Every structure is written in structure tokens, then in C-alpha cells.
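Asks: Sequence and predicted structure are below.
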Amino acid sequence: MGIVAAMTVTEPVVIDRRRLQDIVFELGEIAAERLIQQALEQMALAVSAVLDDPVPRRVAENAGRLARLAGQVGLTSLADVAGDLTTCAGQCDGVALRAVLMRLERVANRSLTEIWDEFCPDLAPGPQG
């Protein structure tokens, strides 16, 4: 047997801070905070639905919903990966679907946690934990 090396996969996350600032400017700080908290909770539910559902059609539907929500609040990389997942699920490519599901989980965890920590510091643990 050879040497086994553990590889860690890191996913960069892209957050459109200008979009978040626009939401705060348009709605005011309190309303924006509530809207973002609700969006984060809905995204966490969508991520769970995507990861727990083996039916490609429903994966595509939930990933599409996640992509729209993430795009609306400036979670650019999460929206992109969810869009990729929608495409893979639509093509019923099992290998690609599994790879993108794993990528979605990594990007979602980092994206949601980062925004949760910023907009929901007084609340209990973030939507992923």
C-alpha cells in the first residue's frame, strides 16, 4: 500500500455585498435584516430538500428555487452552483449530479454561515447547524 494523502476541498464563495447593501438601503436596516433572515431560512430548507431527495425532478425544482433565492440576496456562488445542479438533475446524469450535490453542500454551508453571522448575530446557530 502507498501513502494515503487526505485532500481538503475548499470552495471559494462569492457574495455580492453591493446587493446586500442595496437591500438594506431600499428596505431599511430592520426590514432588510428580517428579509435576509427569512431568505436564509428558506435557503437552508431548500438545501436540505435538495440533499435529501433522490428524485431528479424534485432536485431540479428545489435547486431552481434555491438559485432564485440566493441570487436575490447576493449569494452569487450559491446561486451559480444551484443553477448547475438544476441542469445536472434535468439531464439525469447521476455522476455529475452527485458531484454537484457535494459542491452545493460545501458552498451552501460557507455562504449561509457567513451571511447568517453577519445579519443574525443575536440569534442561535445558523441555518446549517
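Replies: Alright, I've got the coordinates.
Asks: Least confident secondary structure element in this protein?
Replies: helix 94-119 (a mean of 89; mean pLDDT, DSSP states H and E).
Asks: quick one, helices of this structure?
Replies: For the chain, the helices defined by DSSP state H cover 17-27, 29-52, 56-72, 76-91, 94-119.
Asks: Go through the shortest one and flag the buried ones.
Replies: By neighbour count with 16 or more other CB atoms under 10 Å, helix 17-27 contains the buried residues 20, 23, 24. C-beta coordinates here come from the backbone N, C-alpha and C atoms, glycine included.
Asks: For that helix, which helices and strands make contact with it?
Replies: Under the contact criterion of 3 or more CB pairs under 8 Å, 6 or more residues apart in numbering; DSSP states H and E, helix 17-27 touches helix 29-52.
Asks: 10 Å instead, please
Replies: helix 29-52, helix 56-72, helix 94-119 (3 or more CB pairs under 10 Å, 6 or more residues apart in numbering; DSSP states H and E).
Asks: Could you single out the most deeply buried of those helices?
Replies: Greatest average neighbour count among the helices and strands packed on helix 17-27 goes to helix 56-72 (a mean of 20), per mean count of other CB atoms under 10 Å.
Asks: Low-confidence regions, this protein specifically.
Replies: By pLDDT under 70, the low-scoring segments of the chain are 1, 7-8, 120-129.
Asks: how far does the least confident helix or strand of the chain sit from the chain's center?
Replies: 5 Å (CA atoms, centre = their mean, to the nearest Å).
Asks: what's the answer for stretch 80-99, then?
Replies: Centroid separation for stretch 80-99 versus its chain: 14 Å, with CA atoms, centre = their mean.
Asks: same deal with stretch 29-42?
Replies: Worked out by CA atoms, centre = their mean, stretch 29-42 lies 15 Å from the chain centre.
Asks: now, which of the buried residues of helix 17-27 sits nearest residue 72?
Replies: The shortest approach to residue 72 among these belongs to residue 23, at 8.6 Å (CB to CB).
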